[in-house]
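A.B. asks: Please work out how this folds:
(chains A, B, C and D, ligands or ions: 2)
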Amino acid sequence: MEVSISEEGNHSIISLSGDLDASSSISLDNAFTSVLSSQRSVIFVDCTKLDYISSPGIGVFISRLGDCERQGIRLGLFGVSDKILKVFKILGLDQLIIIGKTKQEAELNINATQPSDRM
Amino acid sequence: MEVSISEEGNHSIISLSGDLDASSSISLDNAFTSVLSSQRSVIFVDCTKLDYISSPGIGVFISRLGDCERQGIRLGLFGVSDKILKVFKILGLDQLIIIGKTKQEAELNINATQPSDRM
Amino acid sequence: MQHSLRIGCSNVNLKEVRTFVENTLGAYRVPSDETDWVVLAIDELCANLIAHAHGWDPSHQIEVCIVNEASVISFQVRDPAPDGFNLLDYKLPEVQQIVSEKRNGGLGLILLRRIMDEIRAERHNGELVYWMRKYSVRGSL
Amino acid sequence: MQHSLRIGCSNVNLKEVRTFVENTLGAYRVPSDETDWVVLAIDELCANLIAHAHGWDPSHQIEVCIVNEASVISFQVRDPAPDGFNLLDYKLPEVQQIVSEKRNGGLGLILLRRIMDEIRAERHNGELVYWMRKYSVRGSL
Ligand SMILES: Nc1ncnc2c1ncn2[C@@H]1O[C@H](COP(=O)(O)OP(=O)(O)O)[C@@H](O)[C@H]1O
Ligand SMILES: Nc1ncnc2c1ncn2[C@@H]1O[C@H](COP(=O)(O)OP(=O)(O)O)[C@@H](O)[C@H]1O
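C.D. replies: Ligands and ions are numbered 1, 2, ... in the order given. The predicted structure follows:
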């Protein structure tokens, strides 16, 4: 998996490409460490080029969502394929993290939701 | 299916050969009409050459067992193959009619059982 | 592959039905005790339709089809040097528990159990074999 | 037919496992959404063993096997001119009831249901199709 980070205005974007599995979930975790330290108010994860996800990747999202909540930072995924969405769904986690088809949609969803809604 | 009847001392024997199915169960029923009228105290059914049984054949045994009981006549099957026994078993009917591997065994089983046991 | 037989609605044709089922399953090397049950079930159903739906009218026809549909695929993960742990004895946590603890980990075996319909663990000469099947996974023949 | 892959216990080999499962099921023309689930389940199990049973020691090996076991056979009895009766709506009598009434008849559908694991009745253009499967009936490949 390849991970890249970009920072822009009030938000950071982590872009993922390839397979997020047990061997690569650490890269996503490291990316979170980096963007959390930059303290922007929203973190987007661009999943447009993400081909695969397994439980360690989902585990990173869950634990990092905890950090975001503690720091008052909003987290949104976009470009999530049906194949990846159904893994969240089989675990009943598709409502856990704000997901949009596009960055714009994720942004709208984030603005429509109060931080306190997502406890 | 071929059916033959022989009478000997206190018992009648109905011998079956071939397939006892919806087309042939009437022949078994007719054989019962005949041997019941001869009023011997035991009716054996020789199943040694019986290759197949389906529900109409079992239905004849059930209904004719009723006639036998009313007339105080004992009914026993022998030479029943495992293939045929398992059809009785799947219906929970392997205890319904006295069954022996050989005629001698069926005879012993009949003598060991009082008519009243088999209500 | 599909095999089919049409018969007129008369009890004399039941024998042909049984022979058809027996021979067709024989060609697929189905064991004879399994075949016996199927022969009986199909005979019962046909006898039923012949009598009750068609009043033994031999000008009416019914058809028996046997379809060799797809192949069954199973999966094994074999561990020649297992530790003592048996995944199947492991009590799965609740997803909600993991989420509320914001725990990173513990979802893998939950996914495994939700995906697979059957999972068995067997030891053969020290090797641990996890054997799995998902019913919807079938190969084309 | 059996396909197998051995890997050393390192997470970098999980990709190879996934590719192996995907390609093998692809060759059997398993639809890709079914394949996706199996790929995930096998990945989870292997990741689990790699981490918890073998502590990521790449000198330890585990093996993934995919077995194309047998063919699934289903049965149909097709009635082109059915009466209105649906066998599956019919409330089965108790065998004991039939026995105590010394009734000749009524066991056929009981047998059918005891033998078959699945029975469906479907109407297509006026034709009634009874579709049945017995899980233990499998053809050799
Ligand atoms: N083969 C094993 N040997 C020892 N412990 C195991 C084994 N497999 C699983 N476990 C235990 O089961 C837990 C759950 O496994 P899993 O659901 O895959 O989640 P994770 O690996 O993310 O913790 C592991 O954390 C571990 O404690
Ligand atoms: N296709 C059908 N059309 C109408 N009635 C039916 C049909 N199939 C079954 N039945 C009814 O269901 C009953 C049970 O059928 P079955 O178990 O085969 O026993 P049997 O034919 O020996 O009576 C029949 O007696 C009949 O009343």
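A.B. asks: So what touches the top helix by length along chain C?
C.D. replies: In chain C, assigned by DSSP state H, the helix with the most residues is helix C:32-48. By CB atoms under 8 Å, 6 or more residues apart in numbering or on different chains, the list of residues contacting helix C:32-48 from outside reads B:21-22, B:52, B:54-56, B:83, B:86-87, C:7, C:11, C:14, C:17-18, C:21-22, C:25-26, C:30, C:62, C:64, D:75, D:77, D:87, D:108-109, D:111-112, D:115-116, D:130, D:132, D:134, D:136-137. All C-beta spots, glycine's among them, are computed from the backbone N, C-alpha and C.
A.B. asks: Pull out the buried members of these.
C.D. replies: Neighbour-count burial within the contacts of helix C:32-48 applies to B:21-22, B:52, B:54-56, B:87, C:7, C:11, C:14, C:17-18, C:21-22, C:25, C:30, C:62, C:64, D:75, D:77, D:87, D:108-109, D:111-112, D:115-116, D:130, D:132, D:134, D:137; the criterion is 16 or more other CB atoms under 10 Å in any protein chain shown.
A.B. asks: what kind of secondary structure is the residue of chain C found nearest chain A in?
C.D. replies: Among all residues of chain C, residue C:102 sits closest to chain A, at 3.0 Å; criterion: CB to the nearest CB. Assigned with DSSP: H, G, I helix; E, B strand; the rest coil, residue C:102 falls in the coil class.
A.B. asks: buried ones in the longest helix of chain C?
C.D. replies: Applying a neighbour-count criterion of 16+ other CB under 10 Å, one finds C:35-48 buried in helix C:32-48.
A.B. asks: and ligand 2, which of the buried ones among the contacts of helix C:32-48 contact it?
C.D. replies: Among the buried ones among the contacts of helix C:32-48, proximity to ligand 2 is found for B:55, D:87, D:108-109 (CB under 6 Å from any ligand atom).
A.B. asks: Return the item of those having minimum pLDDT.
C.D. replies: In terms of pLDDT, residue D:87 ranks lowest among those, with 86.
A.B. asks: Hmm, that one is touching residue D:109, no?
C.D. replies: Yes: between residue D:87 and residue D:109 a contact is recorded at 6.2 Å, counting by CB atoms under 8 Å.
A.B. asks: and chain A, which residues reach chain C?
C.D. replies: Of all the residues in chain A, those in contact range of chain C (CB under 8 Å from any CB of the partner chain) are A:29, A:54-56, A:58-60, A:62-63, A:65-66, A:87, A:90-93, A:96.
A.B. asks: just the ones next to ligand 2 among the buried ones among the contacts of helix C:32-48 now: which is nearest residue B:47?
C.D. replies: Closest to residue B:47 out of those is residue B:55 (16.2 Å), distances taken as CB to CB.
A.B. asks: dump the residue contacts of the closest one.
C.D. replies: In this structure, residue B:55 makes contact with C:44, C:47, D:105-108, D:110-111, judged by CB under 8 Å, 6+ apart.
A.B. asks: Contacts for the helix or strand harbouring residue A:3, please.
C.D. replies: Under DSSP states H and E, the secondary-structure element containing residue A:3 is strand A:2-8. By CB under 8 Å, 6+ apart, the surrounding residues in contact with strand A:2-8 are A:12-18, A:27-28, A:30-31, A:34-35, A:38, A:40.
A.B. asks: Parallel or antiparallel, list what pairs with that strand.
C.D. replies: Partner strands and pairing direction for strand A:2-8 (DSSP bridges) are strand A:11-20 (antiparallel).
A.B. asks: if we can go back for a sec, buried subset of the contacts of strand A:2-8?
C.D. replies: Neighbour-count burial within the contacts of strand A:2-8 applies to A:12-16, A:27-28, A:31, A:35, A:40; the criterion is 16+ other CB under 10 Å.
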